[in-house]
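*Asks:* I'd like to go over a predicted model; first the sequence, then the structure.
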Amino acid sequence: MRELIDVFLNYLSVERGLSHNTIVSYRGDLNYYIDFLKARAMDALSKTTKNDITNFMFYQKDKGLAANSIARRLAAIKAFYRFLVRERILKANPASLIDSPKLWKKIPEVLSLNEVDALLGQPNIRNKQGVRDKAILETFYATGMRVSEAVNLKLDNVNLDIGFLRCIGKGNKERVIPVGKKAAASLKRYLEVSRPQLLKKKESEFLFLSRFGKKISRQSLWKLIKKYAKTARIKKPMRPHILRHSFATHLLERGADLRSVQEMLGHSDISTTQIYTHINKERLKTIHRMFHPRP
């Protein structure tokens, strides 16, 4: 069964072009499923039934796994079975009649404009790392990029003369995102002043560098955001996508159309982008309760 997982993941990587992080996620979810089957003396996927998959879902629920995590694992299992049937490794797909659990989409936390200003004002631009950090934070908020996308940005992905950057997102899909004047100015200062100092006469194709002159890691970027949120005294729980969520929400609040925001975020399905319209509705409710004479 593990060998079949390897075959499936190789297909997702080579044929579908899914990212390394997505492949790792699929592997983890499918391994949980295989472990469940083996614990119940199931030694072949051809013997599995709809009940086995349903029992796995209830087992996850009893273990306290969140509903969205259960749905994600089910999606991985369904994709796995579809592949096995298409490749004629299995004759039937026991997951075909199982519906994903209905989920309330959790509305993501976003920063207010004042909180964004406080966060972006924290880096000390009198030193090379502060100049770099300012450029990173401004770029995040200006573009709505994912952390994984930012660490893989290359020098030739950025064109400050026309104010755009080219981003490679999930599934190696490319999109072009405008860069505002403030972010462009911070990036220009970083490229002229800070980056050459971080390189220390080395060479790198990547835009954002660590203090050792190498490509900055996802962990370092995330620690950087959390550090400045703390110094800015932001009380909201900081998560990796908070600037991405704030970017999308603030655009929609100011009249941007949903399709444009979808394109800038790199969402393949507009229903994913629609979560940000729910944020606006919740804020309107809050404002109504606070200020209406008969809330």
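*Replies:* Arrived safely. Numbering: from 1, shown residues only.

*Asks:* which ones are touching Ile270?
*Replies:* By CB atoms under 8 Å, 6 or more residues apart in numbering, the contact list for Ile270 reads Leu258, Arg259, Gln262. Placement of C-beta: from N, CA and C, glycine included.

*Asks:* Go ahead and confirm the last one touches Tyr276.
*Replies:* No: shown here, Gln262 and Tyr276 do not form a contact pair, counting by CB atoms under 8 Å, at 9.7 Å.

*Asks:* just the helices in the stretch 101-250 of the chain please.
*Replies:* Taking DSSP state H, counting those that start in this stretch as the test, the helices found in the stretch 101-250 of the chain are 113-120, 128-143, 147-151, 181-189, 195-199, 218-231, 242-253.

*Asks:* quick one: low-confidence ranges for the stretch 1-150 of the chain?
*Replies:* 100-107 (pLDDT under 70).

*Asks:* which strands and helices sit next to the host helix or strand of Leu74?
*Replies:* When elements are assigned from DSSP states H and E, Leu74 belongs to helix 67-86. Applying 3 or more CB pairs under 8 Å, 6 or more residues apart in numbering; DSSP states H and E, one finds that helix 67-86 contacts helix 2-14, helix 20-39, helix 50-62.

*Asks:* about what we covered before: what about the contacts of Ile270, which one has the most neighbours?
*Replies:* Comparing these by number of neighbours (other CB atoms under 10 Å), Gln262 comes first, having 19 neighbours.

*Asks:* Look up the closest residue to that one, ignoring the ones flanking it.
*Replies:* Spatial nearest neighbour of Gln262, chain neighbours left out: Thr273 (4.2 Å); criterion: CB to CB, 6 or more residues apart in numbering.

*Asks:* In contact with that neighbour, which residues?
*Replies:* Neighbour list for Thr273: Ala248, Leu258, Val261, Gln262, Leu265, His267 [criterion: CB under 8 Å, 6+ apart].

*Asks:* and it, how far is that from Arg175?
*Replies:* In this view, Thr273 and Arg175 are 13 Å apart by CB to CB, to the nearest Å.
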